[in-house]
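K.L.:
turn this into a structure:
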Amino acid sequence: MEKGTTATERVHCLIIGSGPAGYTAAIYAARANLKPVLYQGIQPGGQLTITTEVENYPGYPEGIQGPEMMVDFEKQAVRMGADIRYGLATRVDFSGPVHKVWIDEEKLVEADSVIIATGASAKWLGLESEERLNGYGVSACAVCDGFFFRGKEVAIVGGGDTACEEALYLSKLATAVHMIVRKGEDGMKASKVMQDRVKNAPNIKVYWHSETVEVVGEKKVEAVTIRNVQSGENTTVPVSAFFVAIGHQPNSDIFKDYLTLDEAGYIQSIPGTAQTNVKGVFAAGDVQDKIYRQAITAAGSGCMAALDAERYLGSIGL
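P.N.:
Purely as a prediction, here's the structure:
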């Protein structure tokens, strides 16, 4: 196909995204004979592909590597009959009864139903050492990875409610939690009750007016260098893990002209369903979940989206 031309394809059920939500939706949709077509997006397998050991997903008693788990999900979806493809959704038009999605600006897919499972991306500090040690002690999910650092000292950066919740979670596992907060106590984003819980935790030490200079270590996290932005003084603290809790960015930008989003950009669905404000368009996984953000909850919502899509298509005679 020559560059600049656009091919068009019509499908019953289009799934955008390939983490636990997308693949689970594909499994259920394929079993319902919806002939789903799934485009994997910019990161096939989603955030789990940058996760090492996964121990909290049922069915894997010995644990499993995140990338391997996503290969299993994909294989199961293919075995059920899902059409899995490489490609990134770059533009949509949900203004009519047939939903239009452009893939890589080269192909137009017209879909009777769409399941959005594009996920959310963790926000990072942008440090070279943070990127290099990601998966080797650097993590954006304390609930996912804190278990591996029981009885050790860890650090966490962030000043919102999520950072406080994760610091408190880590405090039950680690001997000490070093919490790095850029602003002072008056400027902390977290609610007063969460701030009080952090301050009252005996093994959480808060570094106010501080920023992360570097995560120290060659093959794994060994320490973190912290700078006090008021004094300019650097302190290097030995830790075994470094958690980043400065927020997530839902991958929902291309849908904002058609779907109802909350103030943070998460897609809003009708409570108890995966249905968005546009009939025939459903949302699953982290793109619509800013609270739990776990593989198991994403998979559950992918199931919901596929079942909702099946009912919708049946209601319009397809």
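
K.L.:
average pLDDT for stretch 130-139, rounded please.
P.N.:
Here stretch 130-139 scores 94 as its mean pLDDT.

K.L.:
what's the spacing between that stretch and its chain's center?
P.N.:
16 Å (C-alpha atoms, centre = their mean, to the nearest Å).

K.L.:
what's the answer for stretch 272-283, then?
P.N.:
On C-alpha atoms, centre = their mean, the centre of stretch 272-283 falls 19 Å from the chain's centre.

K.L.:
mind checking the end-to-end distance for that stretch?
P.N.:
12 Å (C-alpha to C-alpha, to the nearest Å).

K.L.:
again with stretch 138-150
P.N.:
15 Å.

K.L.:
likewise stretch 234-252?
P.N.:
38 Å.

K.L.:
what residues of it count as buried?
P.N.:
237, 239-248, 250-252 (16 or more other C-beta atoms under 10 Å). From N, CA and C alone the C-beta is placed, and that goes for glycine too.

K.L.:
so what's the spatially most central residue of the chain bridging to?
P.N.:
Closest to where the C-alpha atoms of the chain average out (C-alpha atoms, centre = their mean) is Ala120, at 3.9 Å. Counting by DSSP bridges, Ala120 forms beta bridges with Pro250.

K.L.:
tell me the contacts of it?
P.N.:
Neighbouring residues of Ala120 by C-beta atoms under 8 Å, 6 or more residues apart in numbering: Gln47, His248, Gln249, Pro250, Asn251, Tyr266, Asp286, Val287, Lys290, Arg293.

K.L.:
let's go with 10 Å and repeat that
P.N.:
19, 46-47, 247-252, 264-266, 285-290, 293 (C-beta atoms under 10 Å, 6 or more residues apart in numbering).

K.L.:
quick check: the farthest pair among the buried residues of stretch 234-252?
P.N.:
Maximum pairwise distance among those (C-beta to C-beta): 36.5 Å, between Val237 and Ser252.

K.L.:
what's the helix ranked longest in the chain packed up against?
P.N.:
Secondary structure of the chain read by DSSP state H shows that its longest helix is helix 295-315. The helices and strands touching helix 295-315, judged by 3 or more C-beta pairs under 10 Å, 6 or more residues apart in numbering; DSSP states H and E, are strand 7-16, helix 20-31, helix 66-80, strand 107-116, strand 281-283.

K.L.:
if you set the cut-off to 6 Å instead, what comes out?
P.N.:
Judged by 3 or more C-beta pairs under 6 Å, 6 or more residues apart in numbering; DSSP states H and E, the packing partners of helix 295-315 are helix 20-31, strand 107-116, strand 281-283.

K.L.:
output the contacting helices and strands for the first one.
P.N.:
Here helix 20-31 touches strand 7-16, helix 66-80, helix 295-315, going by 3+ C-beta pairs under 6 Å, 6+ apart.

K.L.:
would you mind pulling the contact partners of the first one?
P.N.:
Contacts with strand 7-16, where a contact means C-beta atoms under 6 Å, 6 or more residues apart in numbering, come from 22, 25-26, 29, 34-39, 89, 107-116, 118, 309.

K.L.:
quick check: Glu131 is in a strand.
P.N.:
No - counting by DSSP: H, G, I helix; E, B strand; the rest coil, Glu131 is not part of a strand but helix.

K.L.:
neighbours of it, how many?
P.N.:
12 (other C-beta atoms under 10 Å).

K.L.:
for the stretch 201-318 of the chain, what spans make up the strands?
P.N.:
204-207, 210-216, 223-228, 234-238, 241-244, 248-250, 281-283 (DSSP state E, counting those that start in this stretch).

K.L.:
make that the stretch 51-200 of the chain, sorry
P.N.:
Under DSSP E, counting those that start in this stretch, the stretch 51-200 of the chain gives strands at 53-54, 64-65, 83-85, 89-93, 99-103, 107-116, 120-122, 138-139, 153-157, 176-180.

K.L.:
ok, which of the ones you listed comes nearest Phe147?
P.N.:
strand 53-54 (9.0 Å).

K.L.:
what separation is there between the residue of the chain most remote from its centre and Tyr207?
P.N.:
Most distant from the centre of the chain: Ser231, at 36.0 Å, with distances by C-alpha atoms, centre = their mean. To Tyr207, Ser231 is 12 Å away according to C-beta to C-beta, to the nearest Å.

K.L.:
returning to what we had before: TSV for the helices and strands packed on helix 20-31, including mean neighbour count and mean pLDDT?
P.N.:
Listed next are the helices and strands packed on helix 20-31 as TSV, based on neighbours: other C-beta atoms under 10 Å; pLDDT from 0 to 100:
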stretch	mean neighbour count	mean pLDDT
strand 7-16	20	96
helix 66-80	18	95
helix 295-315	21	97
